[in-house]
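Enquirer: Need a 3D model of the sequence below.
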Amino acid sequence: MHLTKKAISERIKEIDVVIELLDARLPGSSANPMLAELTGAKPALKVLNKQDLADPSLTALWLAHYNGLPGTRAIGLDASMSTPAKALVEACRGLAPNRGSMVKPMRVLICGIPNVGKSTLINTLTGKRATKTGDEAGVTKLEQRIVLADGFYLWDTPGMLWPRIIVAKSGYNLAASGAIGRNAFEEEEVALELLDYLIGHYPGLLEARYKVKVTPGITDEQLLEEIGRKRGAVLTKGRVNLQKAAEIVIYEFRAATLGRITLEAPEEFADWLAVGQKRDAERQVKKDTIETNRLVKFKKIPRPAKPEAS
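Expert: All right, here's what the predicted structure looks like:
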């Protein structure tokens, strides 16, 4: 993360447009909050990738949300489709209309979290295997420059997650999507959070795929156990292998076998973010208080003066 952050900071000075590749199934959670700080006021293109896996109605809401922001354009994309991918180049030229010639080439930086599909997208744009791809986090390791067209240069950077995720729901959504390495989370916990959301938003897809009844009041634990029984994930004495059931749910979400699903709407994510920011601010106050008390104890700083009585 440190090396990627340093590379972006050094490169951004000569960049005309910054592309942030987002996962269309979780656009808010897959947006790196560090990127705005690193790129400043550079024109931004938000690309909702993997839109063929996402709920079309919610993709439309997210595109409208991002297109309403100043200095920003947004498009939906399926990285395996060559014709829509060309819209990326056109959108960049719309954001920086005076660039794109051999004299003034378009210089674009593409960023995104791990496993969001950058390498696959670039290979689609170039028509060749320019970058290594894989269905796991952290495939791209080094910054690289790619010539997409005459006067159009694209710099790719390794996927970067931020050091601390303050929105709890985002952590689960990122894990469910594959952006977080498999050794960094518990599959059963992530599957339960995923099912909890799907029960409220996509009960019909659950019933169609797993042949279960999503009745009012059913819990995520009950549903995961029922899915395990339906899929034969049963141990001795009839116990359900919840780990295996969790792996099935997560895999079938990622592969869109469950259907086209989006795990957050713009207003929904805004509410989660507000709660996360409030808790993070409270956490920082506590941390600062502990540090102040430590410094006072070891006489590094004078004891704060007590406020005068009014």
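
Enquirer: Buried residues of stretch 100-117, list them for me.
Expert: 100, 105-117 (16 or more other CB atoms under 10 Å). Using the backbone N, CA and C atoms, a C-beta is placed for each residue, glycine as well.

Enquirer: remind me which residues of this structure are low pLDDT?
Expert: Segments of the chain classed as low confidence (criterion: pLDDT under 70) are 1, 79-80, 82-85, 128-143, 306-310.

Enquirer: domain ranges for it?
Expert: With automatic domain parsing serving as the domain definition, the record reports that the chain contains domains spanning 2-156, 186-254, 272-301.

Enquirer: what's the span of the first one, first residue to last?
Expert: Same thing as domain 2-156. 16 Å (CA to CA, to the nearest Å).

Enquirer: cool, and the second one?
Expert: Start to finish, the residues bounding domain 186-254 are 16 Å apart (CA to CA).

Enquirer: Spell out the residue ranges of the helices in the stretch 201-310 of the chain.
Expert: Along the stretch 201-310 of the chain, the stretches classed as helices by DSSP state H, counting those that start in this stretch are 203-210, 220-230, 242-254, 266-297.

Enquirer: out of the ones you listed, nearest to A184?
Expert: Taking CB to CB as the criterion, A184 comes closest to helix 242-254 out of these, the separation being 13.5 Å.

Enquirer: Same question for the closest one: list its buried residues.
Expert: Going by neighbour count (16+ other CB under 10 Å), the buried part of helix 242-254 is L242, K244, A245, A246, E247, I248, V249, I250, E252, F253, R254.

Enquirer: And that helix, how far out from the chain middle?
Expert: Centroid separation for helix 242-254 versus its chain: 20 Å, with CA atoms, centre = their mean, to the nearest Å.

Enquirer: same question, stretch 203-217
Expert: Relative to the chain's own centre, stretch 203-217 is displaced by 27 Å; criterion: CA atoms, centre = their mean.

Enquirer: buried sites along it?
Expert: Of the residues in stretch 203-217, those buried under the neighbour-count criterion (16+ other CB under 10 Å) are P203, L205, L206, R209, Y210, V212, V214.

Enquirer: So which of the buried residues of helix 242-254 is the closest to R11?
Expert: Comparing the buried residues of helix 242-254 against R11 with CB to CB picks out R254 as the nearest, at 31.0 Å.

Enquirer: That closest one contacts L174, correct?
Expert: No - when contacts are counted by CB atoms under 8 Å, R254 is not listed as touching L174 (12.0 Å).

Enquirer: and K287, how many residues sit next to it?
Expert: K287 is surrounded by 10 other residues when neighbours are defined as other CB atoms under 10 Å.

Enquirer: how far away is it from F298?
Expert: Taken as CB to CB, to the nearest Å, the spacing of K287 relative to F298 amounts to 17 Å.

Enquirer: Over to S119?
Expert: According to CB to CB, S119 and F298 sit 50 Å apart.

Enquirer: These two: which is more packed in?
Expert: A direct count of neighbours by other CB under 10 Å for S119 and F298 places S119 higher, at 21 against 8.

Enquirer: elements contacting the host helix or strand of that one?
Expert: Assignment of secondary structure by DSSP states H and E places S119 within helix 118-126. For helix 118-126, the contact count by 3 or more CB pairs under 8 Å, 6 or more residues apart in numbering; DSSP states H and E identifies helix 82-85, helix 87-95, strand 106-112, strand 144-149, strand 152-156 as packing neighbours.
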